[in-house]
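Q: when you get a sec, could you give me coordinates for this:
(one chain, ligands or ions: 1)
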Amino acid sequence: MRIVNQHNRLGLITAAGVVDVNTASGGRFPSDPSAIFAQWRKFRQWALEAPDGPVTELDATALGPPVPRPPQVFAIGLNYRDHAAEAGLELPATPQVFTKFPGSVTGPTTTIDLPSAAVDFEAELVVVIGLPTRHVESENAWSHVAGLTIGQDLSDRVVQLKPPAPAQFSLGKSFAGFAPIGPVLVTPDEFADPDDLEIGCTLSGEQMQKARTSDFIFSIPDIIAYLSAVLPLFPGDLIFTGTPAGVGWAREPKRLITARDELLTYVENIGHMRHRFRDAPPSR
Ligand code: ZN
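A: Numbering: from 1, shown residues only. The predicted structure is shown next:
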């Protein structure tokens with residue numbers, strides 16, 4: 001199953017086009033894409049029964065984030081072996097966790113303000129939680145996942161790494177628009193192997209990152225087990241699963257995002273996001 005946020009309404013992608021969930025269900029399910037995760041199991045069952053209703057064409061320019069207001073957003077640092085190597089860091093023994101504040105979420109085709117000349121890209125696979133999740137074992141963790149989508153963990157490296165300790169990871173990665181997700185949410189059953197997907201991004205046509213999620217240090221089930229042992233995860237929560245090698249900050253010379261750039265981010269069998277940028281230093 002593939003779902004979208006089209007014109008701020010929840011849509012189900014079918015062979016014929018996009019079915020508006022609220023209309024086709026006679027009001028049983030909400031039009032608000034963020035509200036569906038509270039009823040995820042019932043919604044999945046209904047969607048499997050091939051609902052029909054008025055169909056509209058998929059319009060890539062009208063897509064918003066598939067989860068506009070996630071309750072919590074977790075992000076994992078250093079989760080690809082090759083990225084740990086380029087950063088000159090040892091492999092972590094446990095997941096390195098920070099947050100991207102929910103106000104930084106945006107859609108898959110927006111223009112994003114650059115608060116400085118130090119903004120970097122990080123292509124990431126994003127997990128969307130579909131059930132209340134607490135003390136879940138790795139073996140059962142996939143059953144708690146609503147689906148997968150694409151994300152960018154945009155990062156102002158100067159704010160992120162600014163001394164004194166502790167570094168401001170969460171703030172440096174949470175400027176408005178720094179958590180784009182989309183274009184669709186795809187359920188795990190749609191993948192031949194959801195633990196092994198190609199991921200990457202290009203900046204103004206130049207390949208910057210290219211990897212497979214099978215290079216993860218911590219698998220998606222392991223991350224869910226680890227987090228859910230600490231606190232409850234809520235339906236609609238996002239987990240940014242880390243980025244592979246190739247980020248601009250680690251390049252020699254550095255390659256950071258400018259207002260002239262277009263950033264294209266893709267994951268196998270999900271699709272791609274396309275972002276533009278403009279200079280807009282934050283006013284104080
Ligand atoms: Zn990241």
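
Q: name all residues that make contact with Pro102.
A: By C-beta atoms under 8 Å, 6 or more residues apart in numbering, the contact set of Pro102 is Arg69, Pro70, Pro71, Gln72, Val73. The C-beta positions use only the backbone N, C-alpha and C, and glycine is treated the same way.

Q: let's see that with 6 Å instead.
A: Neighbour list for Pro102: Pro70, Val73 [criterion: C-beta atoms under 6 Å, 6 or more residues apart in numbering].

Q: what sits up against stretch 211-225?
A: With contact meaning C-beta under 6 Å, 6+ apart, stretch 211-225 is reached by 79-81, 91, 95, 125, 127, 136-138, 141, 196-199, 244.

Q: can you check stretch 86-99 too?
A: With C-beta under 6 Å, 6+ apart as the test, stretch 86-99 has contacts from 73-78, 84, 169-170, 217-218, 223, 226, 245, 250.

Q: next one: stretch 262-274
A: Counting by C-beta under 6 Å, 6+ apart, 108-109, 121, 123, 125, 150, 152, 180, 182-183, 186, 191, 197-204, 275-276 sit against stretch 262-274.

Q: buried members of these into PyMOL, please.
A: Of these, the buried ones can be selected in PyMOL as follows, counting by 16 or more other C-beta atoms under 10 Å:
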select buried, resi 108+109+121+123+125+150+152+180+182+183+186+191+197+199+200+201+202+203+275
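
Q: next step: the contacts of stretch 262-274 restricted to strands.
A: Among these, the ones falling in strands (DSSP state E) are 123, 125, 150, 152, 180, 182-183, 186, 198-203, 275-276.

Q: distance of the closest residue to the ion within the stretch 1-150 of the chain relative to Val247?
A: As assessed by C-beta to the ion, the ion sits closest to Glu122 within the stretch 1-150 of the chain, at 4.1 Å. Between Glu122 and Val247 the computed distance is 6 Å (C-beta to C-beta, to the nearest Å).

Q: Ala24 too?
A: Remark: distance between Ala24 and Val247 (C-beta to C-beta) = 42 Å.

Q: go on, Pro221?
A: Taken as C-beta to C-beta, the span from Pro221 to Val247 is 26 Å.

Q: now do Thr149
A: In terms of C-beta to C-beta, Thr149 sits 20 Å off from Val247.

Q: next to the ion in this structure, residues from this protein, please.
A: Contact residues, the chain versus the ion (C-beta under 5 Å from the ion): Glu122, Asp153, Thr243.

Q: hmm, 8 Å instead?
A: By the rule C-beta under 8 Å from the ion, the part of the chain lying against the ion is Ala75, Ile76, Gly77, Glu122, Glu124, Asp153, Ser155, Lys173, Phe240, Gly242, Thr243.

Q: Phe240 is in contact with the first one, correct?
A: Spelled out, that is Ala75. Yes - assessed by C-beta atoms under 6 Å, Ala75 is found in contact with Phe240 at 3.9 Å.

Q: the more surrounded of those two?
A: Ala75 (28 against 25; other C-beta atoms under 10 Å).

Q: now that one: phi and psi?
A: Ala75 has phi and psi values of phi -140, psi 140 when expressed as degrees, to the nearest 10.

Q: now Thr243: closest residue in space, sequence neighbours ignored.
A: Glu122 (3.6 Å; C-beta to C-beta, 6 or more residues apart in numbering).
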